[in-house]
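*Asks:* Turn this into a structure:
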Amino acid sequence: MKYIFLILAFLLGYNSYANSEQIEKKFVAELPNGVTAELVGVAYNKIDKGPKLWWRPDGQILSDEPYSRPNSSTTAIGDYSIREFAVRVGGADDCSNTAFSSFGVCRLEPDIPWDVNENRISDMRSFVCAFNIDQKEDAISFGISTEAWRKVEEWNDLGWHESDYDTVLLPESKNPLILTWPRLKRNAVVLEMVSTDVLEAKRMLMYDDQGQVHEEYPRIFGRGPGLIKEQYWFWGTPLKNIRTFEFQKRPYQWIEFKNVSLEPDYKTNVEVKVLSAKEKESQGLAVSEREKENHGYILNKLSKNTRFPEKGKAKYQLEEYSTRKQTPRILNCEYIFDKSYYKFSIVGEAQGDFNDKEYFDGQRTITWPIRNKAATVRDNRRFNTPIYSLEWAMPKNIIEELLTHEVEFLGSYEINGIPCSMLLSVISSKDKLKVWIAKEPDIFPVRIERLENDNLREVFEFENIKLWNGVVFPEIIKHAYYKSDENVRHIPLGSYTLTIESFTPNIEIESSEFVPDFPPDVSTSKYALDKAQAKEIEPTIPAKYLRSLENIDINFNIEQAKDKMILICFFDIEQRPSRNAILELSKKIQELKEQDIEIIAIHTSKIEREYLDEWTKENNIDFPIGMVKENTGLTKNNWGVRALPWLILTNKEHIVTNEGFSIGELDEKLLSSGD
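*Replies:* Numbering: from 1, shown residues only. As a prediction, this is how the structure comes out:
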């Protein structure tokens, strides 16, 4: 009996420990680089002679203080209250931290606290956030930056010690920031900076005339919409001994602790997650260079940046060449637009074959390679977007195809000295897109190639990508299109070059600017389009039609399954889940055949065919099993295989209705795919 009690006590103790471990792990998140952050506790932020009252993020009282540090803050100030937080950071020798609540950025930046023996607790961070006075719970976002510092700007010796300036600005920066002339205050040199308020880690380095480097971090002195005012204080170095200031940044990785209890014994269900690049973008947070290589992030930004603005004005020149014409068509254009209203005119001389009266009157449709839309006047309203408007030059269809098909990130390349991410998208069995995406100033294509049967059909090139009043757009757009035959590849059909003189998007436009300046016999004074010009690009999943088993070595033809559903299982015999999936399907073969369903399996990795056939025979597998012949990665990408085993189900017309589901979900999918 004694031993039984000991065993029970051990088990109860172990379960208690295990439950405790499980609870603690709820408040820990690990970043992709291996750095961890654990929200240890929350406390009232006030002076106490004895220990503070600390509780866990879910409201449960903590018996021990995470650290001991005297402070002079109070529980409530005016219409808001404040709380103190303790976070344990693991796996980071050099890191910057910040935090914020729904009320705003933390009032006391995360710092390394002290223990009872006045020693620093190196892996602990403490900070203070504000909340509404009656708030019981909130989400806490904690930022960790461990990346290398990136130089943003530097200012060399400008004779600071020879002048007694106070508010004079330093020379204009190429970056969105303003720095005032350094000034003496008490025994310190103070720099004051106004910059865009993107939450990134910042620091200022000061190099003195002895080659020593002095490092300071910002003190926040005010905020406005999208802006922040900060000061950097360098103590003990006279202005005459300062040679250079260097401003640096690095982005944060973000961990979000949701439903954190702000009162002891107020129970909450805490959720912990690492913010994705897309979530950080939506919250206005900075994204790291490593995250910018993620093609999900690239496509998300691309879908936003390639939407043409709803209103604005532009001037540009268009040179158009065609094998049908001896001389190029050169147009100097002016374009004003406001949602569904526009004004488009030819300014200056129009060279080449172009009848502007016929074009603007809509008396005929101008036919030109790959374009056939002209303005049409009806009931004093002008319909259709002019074919030479600025957004006409954007490769809308190609971008939409890229966003609605699977893409593969192939790597980083430089085009004309511009760092780019290169994407490949297989649109169909014969069509491919190769796209080079510039990383700066913001995600935008630099070159797009459309290939048909590996022959070049179209090329778009974008040069001098700029930010025009917040809109990413190039100064020069080039488009060339080709055909090919058996003997000669890349036969040019035509091309154009559009050069922008001025582009001012997102501005209010007076109605008087839409008054036409065409010849008097051209009717209409205000003209609207049937649809707004700026369209949302909403990626959709295209229908997949199973037509062939190209690049698959299998004793099966699609025609064998005419008027039957097809169930395909991609698998790898070396993986236990894959083997189990094939064995489970083997048990259901008779049942599925009775429902007019053909089963096939496709092996994705390289093995000997004899070995696969032997395993199939030993396990009495009675349906065709094939193998990928070559280039397994591209084949899996074309089929949309993201994990193994991967099931694909079609209807009787061989259109894919479900994919990526488990065998346990098969019966449910069959019901939805039958008719």
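*Asks:* burial count for the nearest residue to residue 577 once chain neighbours are set aside?
*Replies:* In this structure, residue 577 finds its nearest non-sequential neighbour in residue 645, 6.0 Å apart by CB to CB, 6 or more residues apart in numbering. (Each C-beta comes from the backbone N, C-alpha and C, glycine too.) When neighbours are counted by other CB atoms under 10 Å, residue 645 registers 23.
*Asks:* Any figure for the gap between residue 645 and residue 561?
*Replies:* 20 Å (CB to CB, to the nearest Å).
*Asks:* So what sits opposite residue 248 in the bridge?
*Replies:* residue 151, residue 203 (DSSP bridges).
*Asks:* And the helices in the protein?
*Replies:* 2-25, 277-282, 295-305, 356-361, 396-403, 576-587, 589-594, 609-618, 632-639, 666-673 (DSSP state H).
*Asks:* what separates residue 232 from residue 207, distance-wise?
*Replies:* When distance is defined by CB to CB, residue 232 is 14 Å away from residue 207.
*Asks:* Of those two, give the one with the bigger neighbour count.
*Replies:* Each of residue 232 and residue 207 has its neighbours counted (other CB under 10 Å); residue 232 has more, 25 against 17.
*Asks:* For beta bridges, what are the partners of that one?
*Replies:* Assessed by DSSP bridges, residue 232 has beta-bridge partners residue 191.
*Asks:* For residue 542, report the pLDDT, please.
*Replies:* Residue 542 carries a pLDDT value of 46.
*Asks:* Residue ranges of each domain in the protein, please.
*Replies:* Domain assignment of the chain by automatic domain parsing yields the ranges 26-144+259-282, 150-251, 294-542, 552-673.
*Asks:* Which of those has the lowest mean pLDDT?
*Replies:* Per-stretch mean pLDDT for the domains of the chain is lowest at domain 294-542 (a mean of 71).
*Asks:* residues contacting residue 667?
*Replies:* By CB atoms under 8 Å, 6 or more residues apart in numbering, no residues touch residue 667.
*Asks:* can you check the one 5 residues further on too?
*Replies:* When the contact criterion is CB under 8 Å, 6+ apart, the partners of residue 672 are 657, 658.
*Asks:* ok, and the closest non-adjacent residue to residue 148?
*Replies:* Nearest non-adjacent residue to residue 148, counting by CB to CB, 6+ apart: residue 250, 6.9 Å away.
*Asks:* Just give the closest residue to residue 616, not the sequence neighbours.
*Replies:* Of all residues not flanking residue 616 in the chain, residue 625 sits nearest, at 5.4 Å (CB to CB, 6+ apart).
*Asks:* That neighbour: how many residues sit nearby?
*Replies:* Other residues lying near residue 625 total 22 when counted by other CB under 10 Å.
*Asks:* again with the one 5 residues further on
*Replies:* The burial metric for residue 630, expressed as a neighbour count using other CB under 10 Å, is 9.
*Asks:* Just the pLDDT for the nearest residue to it once chain neighbours are set aside.
*Replies:* The shortest distance from residue 630 to any non-neighbouring residue, by CB to CB, 6+ apart, is to residue 551 (6.7 Å). Here the pLDDT value assigned to residue 551 is 84.
*Asks:* and residue 551, backbone torsions?
*Replies:* Dihedral angles of residue 551 (phi, psi; degrees, to the nearest 10) stand at phi 70, psi 10.
*Asks:* Contacts only, for it.
*Replies:* 628, 629, 630, 631, 635.
*Asks:* ok, the fourth one - contacts?
*Replies:* If I follow you right, that is residue 631. residue 551.
*Asks:* same question, the second one
*Replies:* Counting by CB under 8 Å, 6+ apart, residue 629 makes contact with 551, 552, 553.
*Asks:* roughly how far apart are it and residue 572?
*Replies:* Separation of residue 629 from residue 572 (CB to CB): 16 Å.
*Asks:* Could you do residue 320 as well?
*Replies:* 53 Å.
*Asks:* Looking at the two, which one has more neighbours?
*Replies:* More crowded of residue 320 and residue 572, by other CB under 10 Å: residue 320, with 21 against 16.
*Asks:* Am I right that the more buried one is in contact with residue 329?
*Replies:* Yes. The pair residue 320 / residue 329 is scored as a contact, 4.3 Å apart, by CB atoms under 8 Å.
*Asks:* Which phi and psi values does residue 442 adopt?
*Replies:* Per degrees, to the nearest 10, the backbone of residue 442 is at phi -160, psi 170.
*Asks:* which non-adjacent residue is nearest it?
*Replies:* Nearest-residue entry for residue 442: residue 472, 4.7 Å, with adjacent residues in sequence omitted and distances by CB to CB, 6+ apart.
*Asks:* beta partners for that neighbour?
*Replies:* Assessed by DSSP bridges, residue 472 has beta-bridge partners residue 467.
*Asks:* got the contact list for it?
*Replies:* By CB under 8 Å, 6+ apart, the neighbours of residue 472 are 305, 441, 442, 443, 444, 465, 466.
*Asks:* Residue 92 now?
*Replies:* Listed by CB under 8 Å, 6+ apart, the contact partners of residue 92 are 35, 144, 146.
*Asks:* list the contacts for the last one?
*Replies:* I take that to be residue 146. By CB under 8 Å, 6+ apart, the contact set of residue 146 is 33, 35, 92, 94, 95, 253.
*Asks:* Please report how far it lies from residue 252.
*Replies:* Distance from residue 146 to residue 252, counting by CB to CB: 9 Å.
*Asks:* same check, this time on the first one
*Replies:* Distance of residue 35 to residue 252, given as CB to CB: 11 Å.
*Asks:* shared neighbours, these two?
*Replies:* Common contact partners of residue 35 and residue 252 (CB under 8 Å, 6+ apart): residue 144.
*Asks:* So between those two, which is more surrounded?
*Replies:* The neighbour comparison of residue 35 against residue 252 (other CB under 10 Å) goes to residue 252, with 26 against 19.
*Asks:* what's around the closest residue in space to the more buried one that isn't next to it in sequence, how many residues?
*Replies:* Leaving out its chain neighbours, the residue that sits closest to residue 252 by CB to CB, 6+ apart is residue 143, at 3.3 Å. As a burial measure, residue 143 scores 26 neighbours (other CB under 10 Å).
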